[in-house]
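> Let's see this in three dimensions:
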Amino acid sequence: MTERDDRPRILIVDDTKENIDLLMEVFREEFRVSAATKPERALKLAHAETPPDIILLDILMPEMDGYELCALLKQDEATRSIPVVFVTAVSEVMDSTRGFAAGAVDYITKPFHPPMVKARVKVHLDLKHKYELLESYAFVDALTEVGNRRRFDQMLESELNRAQRSGRPLSLIYLDVDHFKQFNDTYGHGAGDDCLRRLASTLSKRLCRSGDFIARYGGEEFMVLLPYTDEEQVWHLAEELNRAVDELAIPHSASRVADWVTLSMGVVTSVPDAHASPREIVEAADRALYAAKHAGRHRIERGSLS
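Predicted structure coming up:
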């Protein structure tokens with residue numbers, strides 16, 4: 001079994017083989033390097049399953065110049081975040097404003113000074129890594145460390161579009177902690193925060209598939225998004241989540257339902273023929289959750305999109 005290669009990936013785009021060979025020699029020990037001499041090949045490599053972490057792009061190319069190719073990369077959401085560094089002769093840097101306007105982050109000038117080239121590339125890779133960390137934090141709930149409402153809204157729209165294209169069902173579980181205000185009033189907000197963290201961790205561990213997603217939707221509300229999950233499957237999972245929380249047996253003496261923390265749930269399944277919008281799916285799950293609360297809490301109710 002081969003070891004995983006975690007070196008950063010660099011894509012060199014240049015129509016001159018000598019320039020590619022020179023840059024490959026600079027980077028081959030510390031980076032995984034691929035190359036393209038034509039824009040079409042460069043775009044294909046940029047859209048690969050494991051895309052490059054940075055692109056070194058020549059400006060002067062016959063079929064499509066670097067400015068045009070860079071603009072195409074920045075217009076595409078799939079490649080927009082890949083830093084592009086122009087590789088150019090000193091005389092061509094006079095038009096640097098055009099390159100930055102196209103979306104490039106830097107220029108490297110010929111003839112190359114290998115230590116400087118490496119240093120510049122490493123700076124931009126470090127900046128990219130820090131940006132990705134900040135971006136990921138923007139989608140994480142700080143208390144529970146699961147997704148936040150903003151991330152849920154994005155995921156729901158994306159997964160619904162995918163479900164409608166694939167013809168597969170998409171299910172949603174809307175969960176609410178029963179009598180959580182009374183829990184906070186009885187045990188304090190610190191204990192309430194600990195309770196939410198334990199619930200989020202327990203619920204997350206019960207989601208086995210990579211596409212399953214949980215988010216904190218409100219104060220004591222969570223959403224579980226389940227791609228490719230039909231009505232029977234979502235019901236079984238909701239029951240499993242309910243049991244898992246019951247087994248925690250977090251004391252809740254102020255609850256009118258049980259002596260421990262419990263959940264109420266609304267579940268809904270969307271099929272492609274329903275042509276439901278994200279808002280309609282959430283509203284259907286919300287109605288089902290309300291029905292569960294109205295029926296006595298600590299139970300699951302099924303919602304309908306009709």
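> elements contacting the strand or helix carrying L133?
In this assignment (DSSP states H and E), L133 forms part of helix 114-137. Using 3 or more C-beta pairs under 8 Å, 6 or more residues apart in numbering; DSSP states H and E, the elements in contact with helix 114-137 are helix 17-27, strand 54-58, strand 84-89, strand 106-110. Just so you know, the C-beta spots here come from the backbone N, C-alpha and C atoms, and that holds for glycine as well.
> Deepest-packed of the ones you listed, please.
strand 54-58 (a mean of 26; mean count of other C-beta atoms under 10 Å).
> Now do the helices in the stretch 201-306 of the chain.
Secondary structure of the stretch 201-306 of the chain (DSSP state H, counting those that start in this stretch): helices at 231-248, 278-294.
> So which of those helices is nearest P8?
Of all those, helix 278-294 sits nearest to P8, with 35.9 Å by C-beta to C-beta.
> Would you pull up how far that closest one lies from the middle of the chain?
25 Å (C-alpha atoms, centre = their mean, to the nearest Å).
> Give me the contacts around the helix holding L133.
With C-beta atoms under 8 Å, 6 or more residues apart in numbering as the test, helix 114-137 has contacts from 8, 10, 23, 26-27, 30, 53-54, 56, 81, 83, 85, 105-106, 108.
> and A89, how far is that from V117?
A89 sits 14 Å away from V117, going by C-beta to C-beta, to the nearest Å.
> related to what we said a few turns ago, got JSON lines for the helices and strands packed on helix 114-137, with mean pLDDT too?
Output for those, formatted as JSON lines (pLDDT from 0 to 100):
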{"stretch": "helix 17-27", "mean pLDDT": "91"}
{"stretch": "strand 54-58", "mean pLDDT": "94"}
{"stretch": "strand 84-89", "mean pLDDT": "87"}
{"stretch": "strand 106-110", "mean pLDDT": "86"}
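> and I173, which of these is closest to it?
Counting by C-beta to C-beta, I173 lies closest to strand 54-58 out of the helices and strands packed on helix 114-137; the figure is 40.1 Å.
> Low-confidence ranges, this structure, go.
Where the chain drops to pLDDT under 70, the residues are 1-4, 90-96, 274.
> List of residues touching stretch 287-299?
174-176, 178-179, 242, 256-258, 262-268, 300-303.
> how many neighbours does E221 have?
16 (other C-beta atoms under 10 Å).
> Could you pull out the buried residues of the helix holding L133?
117, 120-121, 124-125, 128 (16 or more other C-beta atoms under 10 Å).
> Quick check: next helix or strand after that helix?
Toward the C-terminus, helix 114-137 is succeeded by helix 149-166 as the next helix or strand (DSSP H and E).
> helices and strands around that following helix, which ones?
Under the contact criterion of 3+ C-beta pairs under 8 Å, 6+ apart, helix 149-166 touches strand 170-177, strand 213-216, strand 221-227, helix 278-294.
> Only the buried residues of that helix, if you could.
Within helix 149-166, the residues scored as buried using 16+ other C-beta under 10 Å are 151-153, 155-156, 159-160, 163-164.
> which of the contacts of helix 114-137 sit farthest apart?
V26 and S81 (23.8 Å).
> circling back to that earlier point, between the contacts of helix 114-137, which is closest to M223?
So of those, ranked by how close each gets to M223 (C-beta to C-beta), first place is S81, at 26.2 Å.
> Mind telling me what element the closest one is part of?
Per DSSP H and E, there is no helix or strand for S81.
> quick one, what contacts it?
So S81 contacts 128, 131-132 (C-beta under 8 Å, 6+ apart).
> and it, what are its phi and psi?
phi -90, psi 0 (degrees, to the nearest 10).
> Equivalent analysis for D53, please.
Per degrees, to the nearest 10, the backbone of D53 is at phi -80, psi -20.
> Any figure for the gap between it and L72?
19 Å.
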